[in-house]
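Below is the sequence, then the predicted model.
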Amino acid sequence: MHRWMALFPISLYFFLLISGDIPAQDAGSGLSIARLKYGGGGDWYSNATSLPNLLAALRSRLEMPFSNKESVVEPSDPALAGYPIVYMNGHGTVRFTETEREHLRDYLRRGGFLWADDNYGMDSSFRSEMQLLFPDHPLVELPHDHPIYRYLYSFDAGPPKIHLHDGLPAQGFGIYLDGRLVVFYTYQSDIGDGMESQGVHPEDTAEKHEAALQMGINIVLFALSS
């Protein structure tokens with residue numbers, strides 16, 4: 001576990017960070033966002049440039065002490081507990097073992113945050129896994145005035161619509177435990193694609209790239225302060 005998590009809650013860390021009482025760390029040794037390596041055959045590794053671009057935006061725009069590279073962690077890895085936010089995406093099937101579910105439950109109950117972004121294809125299996133993970137806490141759609149859409153940048157219609165997919169509106173869903181949002185699921189949006197380096201997806205305009213990064217920043221800031 002990182003020293004900052006052992007010493008005080010994420011919300012206090014964030015307060016000290018923005019007040020300037022915690023000095024920025026070297027880019028290679030700062031906090032990181034963990035990419036979740038899951039089973040089931042889905043491409044958990046997709047959108048290779050999205051998290052590095054998000055981390056770079058956090059460092060440059062907000063001078064936050066984030067690393068210059070993502071981490072990769074499996075659900076049952078003890079190192080999971082050291083990350084304030086874990087990210088997962090993909091186009092295919094998501095499957096957790098019961099041991100992995102136990103670790104994820106513990107991680108989320110202890111203050112962790114999971115952001116899942118459907119790349120178009122993982123929706124059905126992801127929802128099934130969330131039902132198994134928290135059978136008494138269903139995914140619910142977040143209203144468009146939820147703080148996650150207002151934290152730094154404003155999104156009046158919920159998550160930005162990056163890719164067409166089925167032509168349906170982008171939606172954001174969440175799971176709450178004791179009143180705290182612990183899972184945020186972006187659906188019909190494809191923010192991960194939008195955060196990729198320009199040219200990876202030629203159809204993603206500069207405006208879509210910026211919107212995806214802004215939404216990603218909002219999510220990270222919300223997770224750190226919740």
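Nice, thanks for sending it over. Residues are numbered from 1 along each chain as shown.

hey, let's count contacts and neighbours off CA atoms from now on
Noted.

so the residue nearest to Pro138 when sequence neighbours are not counted is in which element?
Closest residue to Pro138 apart from its sequence neighbours, by CA to CA, 6 or more residues apart in numbering: Ile175 at 6.1 Å. Assignment of secondary structure by DSSP states H and E places Ile175 within strand 171-177.

Just the residues contacting whatever helix or strand comes next after that strand, thanks.
Later in the chain than strand 171-177, the nearest helix or strand by DSSP H and E is strand 180-187. Outside strand 180-187, the residues within contact range by CA atoms under 8 Å, 6 or more residues apart in numbering are 108-109, 111-118, 123, 159, 170-176, 226.

Write the PyMOL selection for whichever of those are buried.
Selection of buried members from these for PyMOL, criterion 16 or more other CA atoms under 10 Å:
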select buried, resi 108+111+112+113+114+115+116+117+118+123+159+170+171+172+173+174+175+176+226
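
before we move on, back to that, got the CA positions of the strand holding Ile175 in CSV?
Presented in CSV, the C-alpha positions along strand 171-177 are these (Å, rounded to 0.1, in the frame of the first residue of the first chain):
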residue,chain,number,x,y,z
GLN,A,171,-24.7,7.1,-20.2
GLY,A,172,-23.0,6.9,-16.9
PHE,A,173,-24.0,4.3,-14.3
GLY,A,174,-22.8,3.8,-10.8
ILE,A,175,-22.8,1.5,-7.8
TYR,A,176,-23.1,3.0,-4.3
LEU,A,177,-21.9,1.6,-1.0
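
Strand 180-187 and that strand, what's the angle between them?
Strand 171-177 runs at 160 degrees relative to strand 180-187, counting by axes from the mean of the first three to the mean of the last three CA atoms, to 10 degrees.

burial measure for Gly216, as a count.
Gly216 is flanked by 26 other residues according to other CA atoms under 10 Å.

What are the buried residues along the helix or strand encompassing it?
Using DSSP H and E, Gly216 maps to helix 206-225. Neighbour-count burial for helix 206-225, counted by 16+ other CA under 10 Å, picks out 208-209, 211-224.

in this structure, which helix or strand is least confident?
helix 3-7 (a mean of 32; mean pLDDT, DSSP states H and E).

can you tell me which residues contact the residue lying closest to Ala211 once chain neighbours are set aside?
Leaving aside its sequence neighbours, Ala211 sits nearest to Pro160 (CA to CA, 6+ apart; 6.5 Å). Shown in contact with Pro160 (CA under 8 Å, 6+ apart): Ala170, Ser189, Ile191, Lys208, Ala211, Ala212, Met215.

Kindly report the same for Ile162.
Contacts of Ile162 by CA under 8 Å, 6+ apart are Ser189, Asp190, Ile191, Asp193, Gly194, Asp204, Lys208, Ala212.

go on, Met215?
Taking CA under 8 Å, 6+ apart as the test, what Met215 contacts is Tyr149, Tyr153, Phe155, Pro159, Pro160, Ile191.

Same check on Arg95?
The contact partners of Arg95, by CA under 8 Å, 6+ apart, come to Tyr38, Gly39, Gly40, Ser125, Phe126, Glu129.

Need phi/psi at the residue lying closest to the second one once chain neighbours are set aside.
Nearest residue to Gly39 in three dimensions, chain neighbours excluded: Arg95, at 5.1 Å (CA to CA, 6+ apart). Note on Arg95: its backbone torsions stand at phi -140, psi 130 [degrees, to the nearest 10].
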